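[1] 3D, please:
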Amino acid sequence: MTNLLRVLPDFDLKPYSHILPSLEKALVSTGDLLTLEPVDVAKRAHVPPGEVKKLLDDLVQRLRTSFAPSADTSHEGESPLKKSTLDGRKLISTLDVHIDATLNGGIPAGYLTEVVGESAVGKTQFLLTLLLAVQLPPPLGLGKSALYISTEAPLPTSRLAQILEAHPRLSTLGPKDKPSLARVHSTHIHDLEAQDHILRYQVPVIVARHDVGIVILDSVAANYRPEFGKSESGASKNAAVSFGERSTQLIQLGALLRSLAQKNDLAVVVANQVADRFQSNPSHSRHSTQISQQSRQDSPLPPSRGYTGHPKSITESAQPSDCVPLISTSDPLSFDHQQAFTTGWGDEASPFTLSNGSANLKTPSLGLTWTNQLATRIALLKEPIYEDKMYAPGEERSVKGWRRRVKVVFSAWGKEGQTEFEVIRAGVKSCQIGRDDSL
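    Now for the predicted structure:
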């Protein structure tokens, strides 16, 4: 239980001082206590099961209190943060009505939100709009400043100024109401040690001093690749040790960012990268196709067909023969099967296939440990639009453009959904077919 105070620094250990030494000697962690049966933990540490049950109940209650938004309730059993999220008083708009509708109003304060996608899909463009929108008064923003923390390229101020001047909702505002680049604070982080120090000690000071309403970390995965890629000697580190160290740091980072969002009633948004995901067992493809067809019948949003000409609406129905199997394995208890419902890729038929016919699936970086830290995952997807012409056998198809979608993979505050968008001079803009795209 040596890591208990890392999870809950103010947890009262006095009532359990008689069993803690035995739990520590048996190497019982907080995760073991939460996932194992109290009887099994008691046998392992040679302590009374009743005392372990009391410790577990107290720990669960404290975790619920810690992760709940810190505010008074206006109605019995209803959090005012949830209520204000629904009526728009605590939301940061994307400045596009259709994207806001997909996100159930926008990005809420008090939660940890992730925006994940491939390179050049528009993640940074999406985040830059939030840096300006948070400065607007409610219901579009919070009337506060913003903090941008970069782990890769520095803040693109020229692009930020371009969005400010070109966006129709921002360019028409008066000097007093218009967002300012001076209210966008930024810093650059080079490694994990600096990241932990800045987030733990410097960011709370900046938030209080400059009345920050949104903290953006772009991107969350960049500093983990060099840190856990190789050891000091240059040889590969032990995989189990490296994975354990990284998982511990990710849990601590998630707890730190959630605490920052809840205590200061601000939005914390992180960008994340993706890696390729391959089908682990092609022999299950026929059974997976059957699962795909059943999933499409049960889904309220039918998947779209392949794109060879003009873009079509995402709600257009598709034939099974046009689609790639949704799930790469038929075993519902396997990770390959379940990750389709948390990653954003693989839970619907995709028109984008590789040369071998398999789906071009992606998986967000940092794995399941990081996924469990999030309240919401927003995936930005892109698929190629090929030139509509005859191709010779083996000839590579020519890409004439890209179709982009913003998709809510899972959310604690909103609904699941998706909408098409494009990146323009004014930032991001929805481009739903047959709908009014006016702001």
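
[2] all helices for the stretch 51-200 of the chain, in order.
    For the stretch 51-200 of the chain, the helices defined by DSSP state H, counting those that start in this stretch cover 80-87, 97-102, 123-133, 157-166, 168-171, 192-197.

[3] do the same with the stretch 201-350 of the chain
    203-210, 224-229, 239-264, 285-298, 335-338, 340-343.

[4] Can you tell me which of the helices of the stretch 51-200 of the chain is packed in deepest?
    When you average the neighbours per residue for each of the helices of the stretch 51-200 of the chain (mean count of other C-beta atoms under 10 Å), helix 123-133 leads with a mean of 24. C-beta coordinates here come from the backbone N, C-alpha and C atoms, glycine included.

[5] other SSEs contacting it?
    strand 112-117, strand 145-150, helix 157-166, strand 212-218, strand 267-272, strand 427-430 (3 or more C-beta pairs under 8 Å, 6 or more residues apart in numbering; DSSP states H and E).

[6] Look up how far Pro168 lies from the closest residue to Gly344 other than its chain neighbours.
    Nearest residue to Gly344 in three dimensions, chain neighbours excluded: Ala379, at 3.1 Å (C-beta to C-beta, 6 or more residues apart in numbering). Counting by C-beta to C-beta, to the nearest Å, the gap between Ala379 and Pro168 amounts to 27 Å.

[7] contacts for stretch 398-410?
    Applying C-beta atoms under 8 Å, 6 or more residues apart in numbering, the contact partners of stretch 398-410 are 99, 102-104, 121-122, 126, 307, 311, 314, 341-344, 376-387, 389, 414-423, 428.

[8] Mind giving me the ChimeraX select for those, buried ones only?
    In ChimeraX, a selection of the buried entries from the contacts of stretch 398-410 looks like this (16 or more other C-beta atoms under 10 Å):
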select :99,102,103,104,121,122,126,307,311,314,342,343,344,376,377,378,379,380,381,383,385,386,414,417,418,419,420,421,423,428
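
[9] low-confidence ranges in this protein?
    Low-confidence segments of the chain (pLDDT under 70): 1-2, 66-89, 226-241, 278-330, 349-359, 432-439.

[10] my guess is Pro156 meets Leu128, correct?
    Yes - taking C-beta atoms under 8 Å as the definition, Pro156 is a contact partner of Leu128 at 7.2 Å.

[11] Centre-most residue in the protein?
    The chain has Glu114 as the residue nearest its centroid, 2.3 Å off, counting by C-alpha atoms, centre = their mean.

[12] Spatially nearest residue to Leu128 (excluding sequence neighbours)?
    Using C-beta to C-beta, 6+ apart and skipping the chain neighbours, the partner closest in space to Leu128 is Leu160 (5.3 Å).

[13] distance of the one you found from Gln135?
    When Leu160 is compared with Gln135 (using C-beta to C-beta), they lie 12 Å apart.

[14] now swap in Gln202 and tell me
    As for Gln202, its distance to Gln135 is 22 Å (criterion: C-beta to C-beta).

[15] who's more crowded, these two?
    Gln135 (23 against 13; other C-beta atoms under 10 Å).

[16] Could you pull up the contacting residues of the residue lying closest to the more buried one once chain neighbours are set aside?
    By the measure of C-beta to C-beta, 6+ apart, the closest residue to Gln135 outside its immediate chain neighbours is Pro179, 4.0 Å from it. Contacts here follow C-beta under 8 Å, 6+ apart; on that basis Pro179 touches Leu132, Ala133, Gln135, Leu136, Leu164, Leu170, Leu173.

[17] Equivalent analysis for Arg159, please.
    Here Arg159 is in contact with Gln125, Leu128 (C-beta under 8 Å, 6+ apart).

[18] now the one 3 residues further on
    Contacts were defined as C-beta under 8 Å, 6+ apart; by that measure Gln162 touches Arg425.

[19] Tell me how far it lies from Ala153.
    According to C-beta to C-beta, Gln162 and Ala153 sit 16 Å apart.

[20] repeat for Asp100
    Using C-beta to C-beta, Asp100 is found at 27 Å from Ala153.

[21] Redo the contacts of Pro179 as a markdown table? Include distance to Leu361.
    Below are the contacts of Pro179 laid out as a markdown table (distance: C-beta to C-beta, whole Å):
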| residue | distance to Leu361 |
| --- | --- |
| Leu132 | 34 |
| Ala133 | 32 |
| Gln135 | 38 |
| Leu136 | 37 |
| Leu164 | 37 |
| Leu170 | 37 |
| Leu173 | 42 |
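
[22] Next, count neighbours for Ser398.
    Number of residues near Ser398 (other C-beta under 10 Å) recorded here: 11.

[23] cool, and Val134?
    So Val134, with other C-beta under 10 Å, has 28 neighbours.

[24] now do the one 10 residues further on
    Here the count is done by other C-beta under 10 Å, and Lys144 has 21 residues near it.

[25] before we move on, back to that, okay if I get the helices and strands packed on helix 123-133 as JSON lines plus distance to Glu51?
    As requested, these are exported to JSON lines (distance: least, C-beta to C-beta, whole Å):
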{"stretch": "strand 112-117", "distance to Glu51": "34"}
{"stretch": "strand 145-150", "distance to Glu51": "43"}
{"stretch": "helix 157-166", "distance to Glu51": "56"}
{"stretch": "strand 212-218", "distance to Glu51": "40"}
{"stretch": "strand 267-272", "distance to Glu51": "37"}
{"stretch": "strand 427-430", "distance to Glu51": "54"}
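
[26] and of those, who's closest to His46?
    His46 lies closest, by C-beta to C-beta, to one member of the helices and strands packed on helix 123-133: strand 112-117, at 38.5 Å.

[27] Now tell me what touches that closest one from outside.
    Contacts of strand 112-117 (C-beta under 8 Å, 6+ apart): 107, 123, 126-127, 220, 254, 257-258, 261, 267-274, 344, 364, 373-382.
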